[in-house]
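Q: Pasted the sequence and its predicted model underneath.
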Amino acid sequence: MNKPLQSKSTTGSYLIDPPGLKSWLFTLDHKRIGLMFLVLVSMALALGAFFALLIRTELTLPGPTIVSEPSTYNRLFTLHGAVMIFLFVIPVIPATFGNFALPMMLGARDVAFPRLNLASLYFYVIGLVFFLLVLIFGGIDTGWTFYPPYSTSTVTPVILAVVGAFILGFSSIFTGINFLVTIHTMRPTGMGWFRMPLFLWGLYGTAVIQVLATPVLAITLLLLAAERLLGIGIFDPKMGGDPILFQHFFWFYSHPAVYIMILPAMGVISEVVSVFSRKHIFGYKFIAYSSLAIALLGFLVWGHHMFTSGQSQLVGMIFSALTFTVAIPSAIKVFNWLATMYKGSIGLAPPMCFALNFIFLFGIGGLTGLFLGSLATDIHVHDTSFVVAHFHYTMAGGVLMAFLAGLYYWWPKMTGRMYNLVWGQVSAWMILIGFNLTYFPQFIIGSRGMPRRYYDYTRLLEVNPEFTFYQIISTVGGFTLVGGLVLVAFILLRSLFVGAKAPDNPWGSGTLEWQCNSPAPHENTPAPDDVGDCYDYNDLEFDEQTKGYVMKQ
Amino acid sequence: MISFAGLPLAQSGGFWLPDSATNSPAMDPVFYLILGICSFFFLLVVGLMVFFVVHYRRRPGVVPQKTASHNMLLELTWTFIPLVIVGAIFYQGFTAYIRMQTPPPNCYDLRVSARQWAWQFIYPNGHIDENLHVPVGEPIRLTMTSEDVIHGLWIPALRVKMDIVPGRYTSTWFRADKVGTYNLLCTEYCGDEHSDMLATVEVHTREDYDAWLKDAGNYLKTLPPAEAGKVLYQRRGCFQCHSVDGTAGTGPSFKGIYGETHDMADGTTAVVDDNYIRQSILEPQAKVRSGFQPVMATYQGLVSDDDITALIEYIKTLK
């Protein structure tokens, strides 16, 4: 493991030092910024989940159920997608755990540009306000993908949403720049690239994509706003524009964006699987390089969203072939995690339970991606609820599970409190069961004939009478899943009031952020001169008195 | 209302795919191949995971065993085996796709025009219909365009899907080998009535098809104007937005509307007479009734004067 620090910091907890509201609002402390992001993204998650439940309830039975107008339903799925993508899954792990843990993992005082970091938080808040304004002005009905010419002709406030996403893009770029520079310049002596915790490799790959791809989204959204305001005729065929051009621009960002979402998630899983198996991570370099491979290959596959758009067969073939190459680095990671668990001493605390949920659900999400990368099968299942199921297995089954694993993992360091471990395990089971009940039926009805973004399937029942049955299962699952999330929130919030005081290193982790007090002190402590191997757990033993791990005497 | 008749397996076709209307669907074997590979790897990964969690669970006094932290040969193995497998899937998917996308030279050509929210299938004799009628066993090529936003044509039973884009033509082809009726849906989200943009594919024998086409094109000449108007009301998709039973849809209901006076969105009033109806078909945005969105696209060039007369006569009959 990492060598012990020379001396522990003498400053008070970052939560109370310095005190006062103003010190929080203008803080440059990466830990406080991470914690404030945690509060904000959790609110976004709650909002997105609320929309999701309305969608699920509407679809339970054929015909109008709780939403009497299709236009309302169309706003609901658009807002659900836009809030979840732009306000939750893209920022969630880098902005919360990345901000909180990255500098401490390096033994750095802070990120390279603390003011830019604070700006990133405020840009997020402004973006959030724009999305709330969209809600107040009646919502938008374009789908989160904003495809023209629908998005240039609808009467809903598209420009507000586009500006919101544009600003959120800058929040994302600022985080990316910060992480790139911090990792390049602020690693301690003795921590070469291949001594870094794998979480940082995940964040590094993400930062590369954030910085390279997000500007393309920004330009695309500006063009879309200009199209609506000025009618410049770049996307609207009535003015000689090309609507397919928008799809290329949009997916040139939005496909790499799914790796912005999943790479940090995989980083969290690499940390958690190793720590809770008490085993050195297996195949460090393969995992690290696979993060980079995903980041780079992810730029070359956007056309697989457009196999039915009318693009040429040659282009389709090239994108299909490239798409399959992205499967390989993900497969490597999964096999390496399994090899890490082999002959370990596997503890099933809540972070590990959610890591196992991740492997289960992301496994299904990744494997069903093969249907979509393959040309012939994609033609059939494209734009059906099969695709909806697939990307929820990867995004919610992947990113959300990793978020919850990370939340349970770093919670003691962030708040200084331990939560109830048994109830944490119960929440993991509830979410796993609810998740599969929600999304697995959507694979079946999708390949049998259920399109996505569909308000009413009454008229399909003559051919597909089984749809109602699967939709009911899916709704039951949806409420179970959200119930599990509410349980997680309850367990963690309760710990703030009645939880036991957290030990410094409750899980026996070897990375540097666990060597300081819990909650973390205001001043980060510098890394020792000789940084050891953060996945070597031989020097740690469990101490019954503090209920945490300490160095062997 | 709730039918559990199909519980939980599907009524027709396999568990995963609906009945195919072709004898040798190119897509289905690829689907089942991938399904098999997915199932194998899922069971492998989750099986190992569960086995490790149970077998190596943390127990007091039992320490983790030291194993190698990397093994180049092993890692290269699980890099290259998946690479070979996805290579095979790509090849199968690609060759099936080329078969699905390459129309034979002797196709029967039909045109498709999509609009919010109706399908118009245009036959060689100029007839326009709201459903797709095709002869059995013959390759059919659809050349498609949209009048407004992007739509998507999907016939699940034929495994055919292609987006329909304004300002350009896209095309696809299929051959239906079984006489019958199949669903045809819009799969690219296109606005309020996306889920009502539904038509059927009617697969006839060649004789039935010829007879249908001959009759279908003749209605303006053989039927009285009001009845011809009713046919047009269906076939041109007016029914998607305008009801005839008094319920307001995306547009006003036609029931009893003829001769009424209504407030317009611009504050004026207008009497629904022959000229108003004619203008509303050709220039829908000119006088939009108050309380409705200006979303209708023009039918300029798509309907003849005789068509409009027939529609007016039909609307007159709706008391």
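A: All right, it came through fine.
Q: so residue A:152 makes contact with residue A:228?
A: Yes: if you go by CB atoms under 8 Å, residue A:152 and residue A:228 touch, sitting 5.3 Å apart. Yep, even glycine has a C-beta here, placed from its N, CA and C like the rest.
Q: Now for those two: what residues contact both?
A: Residues touching both residue A:152 and residue A:228 by CB atoms under 8 Å, 6 or more residues apart in numbering or on different chains: residue A:158.
Q: out of these two, which sits in the busier spot?
A: For residue A:152 versus residue A:228, neighbours defined as other CB atoms under 10 Å in any protein chain shown are more numerous around residue A:152 (25 against 19).
Q: helix or strand for that one, which one?
A: helix A:150-153 (DSSP states H and E).
Q: Quick one: mean pLDDT over that helix.
A: What helix A:150-153 shows for mean pLDDT is 90.
Q: where's it relative to the chain centroid, distance-wise?
A: 29 Å (CA atoms, centre = their mean, to the nearest Å).
Q: next SSE after it?
A: helix A:158-185.
Q: What is that following helix packed up against?
A: Contact partners of helix A:158-185 among helices and strands, from 3 or more CB pairs under 8 Å, 6 or more residues apart in numbering or on different chains; DSSP states H and E: helix A:99-106, helix A:114-136, helix A:198-230.
Q: name the element residue B:140 belongs to?
A: strand B:139-146.
Q: how big is the angle separating the helix or strand following that strand from strand B:139-146?
A: Per DSSP H and E, the first helix or strand lying C-terminal to strand B:139-146 is strand B:151-155. Relative orientation of strand B:151-155 and strand B:139-146, computed by axes from the mean of the first three to the mean of the last three CA atoms, to 10 degrees: 160 degrees.
Q: mind saving the C-alpha coords of stretch B:74-86 as PDB?
A: This file holds the C-alpha atoms of stretch B:74-86, laid out as PDB (Å, rounded to 0.1, in the frame of the first residue of the first chain):
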ATOM      1  CA  LEU B  74      -4.300 -14.800 -20.000                       C
ATOM      2  CA  GLU B  75      -5.100 -11.100 -20.700                       C
ATOM      3  CA  LEU B  76      -4.200 -11.400 -24.400                       C
ATOM      4  CA  THR B  77      -6.400 -14.500 -24.500                       C
ATOM      5  CA  TRP B  78      -9.400 -12.600 -23.300                       C
ATOM      6  CA  THR B  79      -8.600  -9.700 -25.600                       C
ATOM      7  CA  PHE B  80      -8.300 -11.800 -28.800                       C
ATOM      8  CA  ILE B  81     -11.100 -14.300 -28.200                       C
ATOM      9  CA  PRO B  82     -13.800 -11.500 -27.900                       C
ATOM     10  CA  LEU B  83     -12.100  -9.800 -30.900                       C
ATOM     11  CA  VAL B  84     -12.600 -12.900 -33.100                       C
ATOM     12  CA  ILE B  85     -16.200 -13.300 -31.800                       C
ATOM     13  CA  VAL B  86     -17.200  -9.700 -32.500                       C
END
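Q: wait, what's in contact with the spatially most central residue of chain B?
A: For chain B, the residue nearest the mean C-alpha position is residue B:185 (2.2 Å; CA atoms, centre = their mean). For residue B:185, the contacting residues are A:449, A:451, A:460, B:153, B:154, B:155, B:156, B:197, B:198, by CB under 8 Å, 6+ apart.
Q: Count the residues that sit near the first one.
A: Neighbourhood size, residue A:449 [other CB under 10 Å]: 25.
Q: repeat for the third one
A: Using other CB under 10 Å, residue A:460 has 22 other residues around it.
Q: what number of residues lie near the residue in the stretch 101-250 of chain A positioned nearest to chain B?
A: Nearest to chain B in the stretch 101-250 of chain A, going by CB to the nearest CB, is residue A:237, at a distance of 2.7 Å. Residues contacting residue A:237 under the criterion other CB under 10 Å number 21.
Q: That one contacts residue B:169, doesn't it?
A: No: the criterion here is CB under 8 Å, and residue A:237 misses it with residue B:169 at 11.8 Å.
Q: so where do the strands sit in chain A?
A: Using DSSP state E, the strands of chain A run over A:540-543, A:548-551.
Q: Could you dump those into JSON lines with mean neighbour count, distance to chain B and mean pLDDT added?
A: Below are those laid out as JSON lines (neighbours: other CB atoms under 10 Å in any protein chain shown; distance: least, CB to the nearest CB, whole Å; pLDDT from 0 to 100):
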{"stretch": "strand A:540-543", "mean neighbour count": "15", "distance to chain B": "10", "mean pLDDT": "89"}
{"stretch": "strand A:548-551", "mean neighbour count": "18", "distance to chain B": "13", "mean pLDDT": "90"}
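Q: nearest to residue A:46, of those strands?
A: Smallest distance to residue A:46 across the strands of chain A (CB to CB): 31.6 Å, for strand A:548-551.
Q: would you put the C-alpha positions of the closest one in PDB?
A: What follows is strand A:548-551 as a C-alpha-only set of coordinates in PDB (Å, rounded to 0.1, in the frame of the first residue of the first chain):
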ATOM      1  CA  GLY A 548     -11.400   0.600  10.700                       C
ATOM      2  CA  TYR A 549      -8.200  -0.600   9.100                       C
ATOM      3  CA  VAL A 550      -4.800   0.500  10.400                       C
ATOM      4  CA  MET A 551      -1.200  -0.100   9.600                       C
END
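Q: strands paired with that strand, and their directions?
A: strand A:540-543 (antiparallel) (DSSP bridges).
Q: Just give me how far the strand it pairs with sits from the chain centre.
A: Distance, centroid of strand A:540-543 to centroid of chain: 32 Å (CA atoms, centre = their mean).
Q: Kindly report the same for stretch A:119-138.
A: Distance, centroid of stretch A:119-138 to centroid of chain: 19 Å (CA atoms, centre = their mean).
Q: got it, and stretch B:166-186?
A: Distance, centroid of stretch B:166-186 to centroid of chain: 8 Å (CA atoms, centre = their mean).
Q: Just the buried residues of that stretch, please?
A: Buried residues in stretch B:166-186, defined by neighbour count with 16 or more other CB atoms under 10 Å in any protein chain shown: B:166-167, B:170-176, B:182-186.
Q: from those, which single one is nearest chain A?
A: residue B:167 (2.7 Å).
Q: returning to what we had before: give me the nearest residue to the residue of the stretch 101-250 of chain A closest to chain B, chain neighbours excluded.
A: Distance criterion CB to CB, 6 or more residues apart in numbering or on different chains; nearest residue to residue A:237, sequence neighbours excluded, is residue B:167 at 2.7 Å.
Q: Do I have it right that the one you found meets residue A:244?
A: No: at 9.5 Å, residue B:167 and residue A:244 do not qualify as touching, with contact defined as CB under 8 Å.
Q: Low-confidence stretches in chain B?
A: B:1-12 (pLDDT under 70).
Q: can you list the domains in it?
A: B:12-46+B:75-102, B:108-216, B:222-317 (automatic domain parsing).
Q: Give me whichever of these is most buried.
A: Counting by mean count of other CB atoms under 10 Å in any protein chain shown, domain B:108-216 has the highest mean neighbour count of those, with a mean of 20.
Q: ok, how many other residues are close to residue A:21?
A: 7.
Q: can you check residue A:223 too?
A: Number of residues near residue A:223 (other CB under 10 Å) recorded here: 19.
Q: need the contact list for it.
A: So residue A:223 contacts A:232, A:234, A:235, A:246, A:249 (CB under 8 Å, 6+ apart).
Q: now these: which count as buried?
A: By 16+ other CB under 10 Å, these give A:234, A:235, A:246, A:249 as buried.
Q: Wait, residue A:180 touches residue A:211, no?
A: Yes: the criterion here is CB under 8 Å, and residue A:180 meets it with residue A:211 at 6.6 Å.
Q: check contacts around residue 255.
A: Picking chain A for this. By CB under 8 Å, 6+ apart, the neighbours of residue A:255 are A:298, A:301, A:302, A:304, A:305.
Q: actually chain B
A: B:243, B:244, B:245, B:246, B:318, B:319.
Q: Kindly report the same for residue A:513.
A: Residue A:513 sits in contact with A:101, A:104, A:105, A:410, A:413, A:520, where contact means CB under 8 Å, 6+ apart.
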